[in-house]
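J.: The sequence and its predicted three-dimensional model are supplied below.
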Amino acid sequence: MDIIELAKRRGFFWPSSLVYPPIAGLYDYGHIGTMVKRKWEAAWRAFFLGLDEYYYEISPAVIMPEQVFQASGHLEHFVDPVVRCTKCGHTERADHLVEGVLKEGFEGLPPAELDALIRQHKITCGKCKGALAEVGVLNMTFPLKAGTGAEARQAYLTPETAQGAYVNFRQMFDVARKRLPLGLAVVGKAFRNEIAPRNALVRMREFTQAELQIFFDPEKQDHPRFAEVAKHKLRILPAGGKEAQDAPCQELANRLFPFYAYHLAKIQEFFLEVLQIPRERFRFRELSPEERAFYNRLHWDIELDLPSLGWKEVGGLHYRGDHDLARHQEVSKEKMTITEDGRSFIPHVLEISLGVDRNLYALLDVCAQEEAGRAVIRFPRGFAPFDAAIFPLVNKDGLPDQAREIKQRLQQAGFSVFYDASGSIGRMYRRMDEIGGPACITVDHQTLQDRTVTLRDRDTMGQVRIPLQELAKALRSFLDGVALEKLGTPLAKSPSRREADDE
Ligand code: GAP
């Protein structure tokens, strides 16, 4: 299925500033996409902030002074290898170009080695076949001036939300708890001047990240609740491995350290149980030292096997050591050292980093299916844009008024409900299937007689009849995962026949 076409047609997302020639890598969300994004973020908050009572959310500014990125290393190291065509001037990411030709992964390879591969394999410009100049590097941060005249300061749009947590560590440590571990979460925008944005929400220039920075004592590498996950089997692809395998969390704790392995187990739980990603589409991939970001001591990516793109990184668990706080202490001269148990030290950081937009694309891709006669997005029930849609069977005989009244009552009970009366009932069902709405309620002539409505399940297309006074309770149970047949009287006709009749 063409996810990007469906996303535009149904109100999920589309290229930004649509009425002008677009800038690649910038996307706007419509009403449907905004609602799914909000639900994803709410699920992320509920799960990851729930891991510890001292994990808090903060909201730092996205424009930050130059010193932040001198300290973090972004100004020096946050570069991608680029190569320019000497004939047409087209610029490409050198590693992507070589990967495309040699069908092998080369991310992280130094520019000189990429250049050698280009010469050895006589690789030319992807656009005009012209000769390529020497591979260079391009910094991906977005600079800007904050203020005017003599007061103007060199600043940057942050390329990762993480820095907002590091520059706030000292202040938050003092006001919040004065004990470790302390978690600082940020759900916010990040900006990168990507050389080759692509695949819509997968590689953008402005995107949302959900990151949790956990500051901990490097001498306390255990986790108080590790025993709860010790026997969990984690899907992993060790560095250099070819096939993913199941490894007991205890084994990973021995090889890495328990505090790290505990968070691996929790991340897997989030993906498999909360987002309901099929197990065979999920894995952690260990990055070799050459592949890791410059600040990481341990780095396992979270990867999903996407129907449209194959295995894609959607997040990572990064052990950043004391890199960030030590560098901010050095550059700012503010003390990042804390004293605990009679020892003074700079806390270490474990970072759980997820890209919200890339995860939304992945969820959409994994959940979208084409079936006989319909396209359907099988979002987990809690991630759909609406809890339910309500339709009058026909646009007359008092049915629209009745449907609106029911909608209002459901909204007062806390449900998000979409009203539609713009076509045949079959069409309205199809439209709802395409945005992933889990339940459709139909008001028909029988409703006026016996105060019952039909409730339809997106996934099975089965329908049951439910008394109005039980509707809110039944809908709550349905959204909590109870099967439709347990909630009301099944309709006599087979679902597929009935919908064909209704078209
Ligand atoms: N703070 C660590 C960090 O930013 P990263 O691997 O560069 O690590 C984390 O980014 C996640 O952010 C990625 O796994 C991905 O989901 C998302 N992400 C990174 N660059 C992105 C881009 N250009 N467009 C969309 N999402 C991106």
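T.: Received, thanks. As the structure is a computational prediction, the values presented were derived from the model and not from experiment.

J.: Find the closest residue to the ligand in the stretch 251-400 of the chain.
T.: Per CB to the nearest ligand atom, the residue of the stretch 251-400 of the chain with the smallest distance to the ligand is Gly355, at 2.3 Å. Every residue, glycine included, has its C-beta placed from N, CA and C.

J.: burial of the closest residue in space to Pro278 that isn't next to it in sequence, as a residue count?
T.: In space, and not counting its chain neighbours, Pro278 is closest to Val366: 7.4 Å by CB to CB, 6 or more residues apart in numbering. Look at Val366: counted by other CB atoms under 10 Å, it has 22 neighbours.

J.: Please report how far Val366 lies from Glu330.
T.: From Val366 across to Glu330, the span is 43 Å (CB to CB, to the nearest Å).

J.: Next, the buried residues of the longest helix that the chain contains.
T.: Ranked by residue count under DSSP state H, the longest helix found in the chain is helix 31-48. For helix 31-48, burial by neighbour count (16 or more other CB atoms under 10 Å) applies to 32-33, 35-37, 39-41, 43-45, 47-48.

J.: out of the residues you listed, which touch the ligand?
T.: Counting by CB under 6 Å from any ligand atom, nothing from those sits close to the ligand.

J.: could you dump those to a markdown table with pLDDT?
T.: Shown next, in a markdown table, are the buried residues of helix 31-48 (pLDDT from 0 to 100):
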| residue | pLDDT |
| --- | --- |
| Ile32 | 97 |
| Gly33 | 98 |
| Met35 | 96 |
| Val36 | 97 |
| Lys37 | 98 |
| Lys39 | 96 |
| Trp40 | 98 |
| Glu41 | 98 |
| Ala43 | 98 |
| Trp44 | 98 |
| Arg45 | 98 |
| Phe47 | 98 |
| Phe48 | 98 |
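
J.: Output those as JSON lines; include the columns distance to Thr208.
T.: Listed next are the buried residues of helix 31-48 as JSON lines, based on distance: CB to CB, whole Å:
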{"residue": "Ile32", "distance to Thr208": "17"}
{"residue": "Gly33", "distance to Thr208": "12"}
{"residue": "Met35", "distance to Thr208": "15"}
{"residue": "Val36", "distance to Thr208": "13"}
{"residue": "Lys37", "distance to Thr208": "8"}
{"residue": "Lys39", "distance to Thr208": "14"}
{"residue": "Trp40", "distance to Thr208": "10"}
{"residue": "Glu41", "distance to Thr208": "8"}
{"residue": "Ala43", "distance to Thr208": "14"}
{"residue": "Trp44", "distance to Thr208": "11"}
{"residue": "Arg45", "distance to Thr208": "13"}
{"residue": "Phe47", "distance to Thr208": "17"}
{"residue": "Phe48", "distance to Thr208": "15"}
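
J.: check contacts around the residue of the stretch 251-400 of the chain closest to the ligand.
T.: Phe207, Thr208, Gln209, Ala210, Val314, Gly315 (CB atoms under 8 Å, 6 or more residues apart in numbering).

J.: quick check, Ala150 in a helix?
T.: Yes. Per DSSP: H, G, I helix; E, B strand; the rest coil, Ala150 lies within a helix segment.

J.: State the distance from it to the ligand.
T.: As judged by CB to the nearest ligand atom, to the nearest Å, Ala150 and the ligand stand 34 Å apart.

J.: related to what we said a few turns ago, need phi/psi at the residue of the stretch 251-400 of the chain closest to the ligand.
T.: Main-chain torsions, Gly355, degrees, to the nearest 10: phi -90, psi 120.

J.: re earlier: and the longest helix of the chain, what does it pack against?
T.: On a contact count with 3 or more CB pairs under 8 Å, 6 or more residues apart in numbering; DSSP states H and E, helix 31-48 meets strand 182-191, strand 206-216, helix 356-367.

J.: can you give me the mean pLDDT across the shortest one?
T.: On average, the pLDDT along strand 182-191 is 98.

J.: again, but for the longest one
T.: Mean pLDDT, taken over the full extent of helix 356-367, equals 98.

J.: List the contacts of it.
T.: In contact with helix 356-367 (CB under 8 Å, 6+ apart) are residues 3, 7, 12, 27, 33, 36-37, 40-41, 44, 187, 199-202, 204, 207-210, 275, 277-278, 281, 304, 306-309, 312, 314-315, 377-380, 383, 436.

J.: Narrow these to those in helices?
T.: Applying DSSP H to those, the entries found in helices are Ile3, Ala7, Gly33, Val36, Lys37, Trp40, Glu41, Trp44.

J.: Next, the residue in the stretch 1-150 of the chain positioned nearest to the ligand: secondary structure please.
T.: Proximity of the stretch 1-150 of the chain to the ligand (CB to the nearest ligand atom) peaks at Gly25, 7.1 Å away. Recorded secondary structure, Gly25: coil (three-state DSSP).

J.: What number of residues are in the vicinity of the closest residue in space to it that isn't next to it in sequence?
T.: Excluding the flanking residues, the one nearest Gly25 by CB to CB, 6+ apart is Pro197, at 2.8 Å. Pro197: 19 surrounding residues under other CB under 10 Å.

J.: Which residues are in contact with Pro197?
T.: Ala24, Gly25, Arg203, Met204, Arg205.

J.: one more time with 10 Å
T.: Each residue near Pro197 by CB atoms under 10 Å, 6 or more residues apart in numbering is listed here: Ile23, Ala24, Gly25, Leu26, Tyr27, Arg203, Met204, Arg205, Glu206, Phe207.

J.: Quick one: which of those residues is the most crowded by neighbours?
T.: Met204 (24 neighbours).

J.: how near is that one to Leu157?
T.: Distance from Met204 to Leu157, counting by CB to CB: 13 Å.

J.: ok, now Glu76?
T.: For Glu76, the distance to Leu157 - CB to CB - is 18 Å.
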